[in-house]
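Novice: Give me a 3D structure for the following:
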Amino acid sequence: MNAGNRIPNGPACKPISCICSLVLLCWLCIFSGIVQALDNPDAPDYVGEFNKRAQAYEQDIQQTAQTTQDYLAAYVAYEHFLDKELNHIYRQLIAQLNGETRDALRVSQRKWLQYRDAAFEFIALNWTMESFGSASVISRGDYRTTIIRDRVLLLLNYQQNY
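Specialist: All right, here's what the predicted structure looks like:
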């Protein structure tokens with residue numbers, strides 16, 4: 001065995017570092033128990049309920065669509081559904097907040113809308129029929145709905161706190 005392949009010799013565990021590791025492990029166990037205690041098991045499962053409502057649209061895309069027009073129609077329907085969900089959860093949150101937090105959510109939503117519009121513009125310019133053929137319809141639909149779906153999920157997770 002050459003010198004580059006040897007593992008340096010030394011004690012497996014110094015008593016002080018073992019004690020520190022044990023204390024750290026105990027603190028992590030205690031902290032993780034506290035974090036789990038903050039969840040309210042009686043709170044509605046907003047994300048789960050949303051996923052159930054979205055499932056029909058997602059299945060239409062995956063199972064029903066066979067032609068480019070089928071995909072386009074399925075993605076348009078899904079995007080319409082997501083927009084309705086987004087507006088609904090946003091209105092619910094705005095109604096529950098007040099003062100600075102309500103204003104902060106409004107600002108956040110306006111900036112997100114600017115982001116969404118810029119992303120949609122990029123998607124439209126990049127995933128064209130000329131560059132990607134008929135697959136461009138699927139790519140555009142998937143990217144657009146992912147952007148909206150992610151925002152809906154974020155707002156639904158915020159909602160879990162109220």
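Novice: how would you label residue 131: helix, strand or coil?
Specialist: Classification of residue 131 using DSSP: H, G, I helix; E, B strand; the rest coil returns helix.
Novice: now it: how far from residue 123?
Specialist: Taking CB to CB, to the nearest Å as the criterion, residue 131 is separated from residue 123 by 12 Å. Quick note: C-beta positions are derived from backbone N, CA and C, even for glycine.
Novice: The two: who's more crowded?
Specialist: Neighbour comparison, residue 131 and residue 123: the larger count goes to residue 123, with 18 against 11 (by other CB atoms under 10 Å).
Novice: Let me know the distance separating the more buried one from residue 138.
Specialist: When CB to CB is the yardstick, residue 123 and residue 138 sit 12 Å from each other.
Novice: can you list contacts of stretch 82-91?
Specialist: Under the contact criterion CB atoms under 8 Å, 6 or more residues apart in numbering, stretch 82-91 has outside partners 46, 50, 53-54, 105, 109, 145, 148-149, 151-152, 155-156, 159.
Novice: Show me what counts as buried in stretch 150-162.
Specialist: Residues of stretch 150-162 classed as buried: 151, 152, 153, 155, 156, 158, 159 (neighbour count, 16 or more other CB atoms under 10 Å).
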